[in-house]
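Asks: sharing a model prediction with you, sequence too.
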Amino acid sequence: MLLMQFSAAGTDFPSIGTWTPEEIQAHIAFMGDVNAKLTADGEWVQGEGLGGPEQARIVRAGEGGLPVVTEGPFPETKEFLAGWWIVDCATPERAVQIAAHISTAPGPGGRPLNMPIEVHPVMSAPPQEL
């Protein structure tokens, strides 16, 4: 699983709300091209972009198991999950290659964003040692 993390800390580009429509379209087109190539290569399983933190909710079980919903993460949050891909790769190294390519998604002025992409194995069963 490849997780696209957005972090306001350490970025040298403005928030997407300030990008031009052309810059946003180029970014979205890049992601579409990534998905099309993964599909053509037989590596695509699933992927989605996520709404920003202002649309997220935090849910916990409250009294009697009823949901307690709060807004969040809050604006002071410096990191949030922006999207994910589940890929079926022959090797872990291939997943790392894909993640590095996704990190080059264009931002303002077409410059690569170099956003961090986390790579996690998806577990299908508990580890053998358990």
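Replies: Structure's in. What do you need?

Asks: in the strand ranked longest in the chain, what's buried?
Replies: For the chain, the longest strand by residue count, based on DSSP state E, is strand 79-87. Residues 80, 82-85, 87 are the ones in strand 79-87 that count as buried (16 or more other C-beta atoms under 10 Å). Every C-beta, even on glycine, is put in place using the N, C-alpha and C of the backbone.

Asks: also stretch 39-47?
Replies: Buried-residue list, stretch 39-47, by 16+ other C-beta under 10 Å: 43-44, 47.

Asks: for the helix or strand harbouring His101, packing partners?
Replies: Under the criterion of DSSP states H and E, His101 resides in helix 92-103. Under the contact definition 3 or more C-beta pairs under 8 Å, 6 or more residues apart in numbering; DSSP states H and E, helix 92-103 sits against strand 2-7, helix 21-40, strand 79-87, strand 117-119.

Asks: which residues touch it?
Replies: 2, 4, 31, 34, 38, 43, 85, 87, 89, 112-119, 121 (C-beta atoms under 8 Å, 6 or more residues apart in numbering).

Asks: sorry, back to before: looking at the helices and strands packed on helix 92-103, which is nearest to Glu54?
Replies: Smallest distance to Glu54 across the helices and strands packed on helix 92-103 (C-beta to C-beta): 9.8 Å, for strand 79-87.

Asks: what's the pLDDT at the residue lying farthest from the centre of the chain?
Replies: Distance from the C-alpha centroid of the chain, by C-alpha atoms, centre = their mean, peaks at Gly64 (33.9 Å). On pLDDT, Gly64 comes in at 96.

Asks: low pLDDT regions in the chain?
Replies: 7-11, 72-78, 130 (pLDDT under 70).
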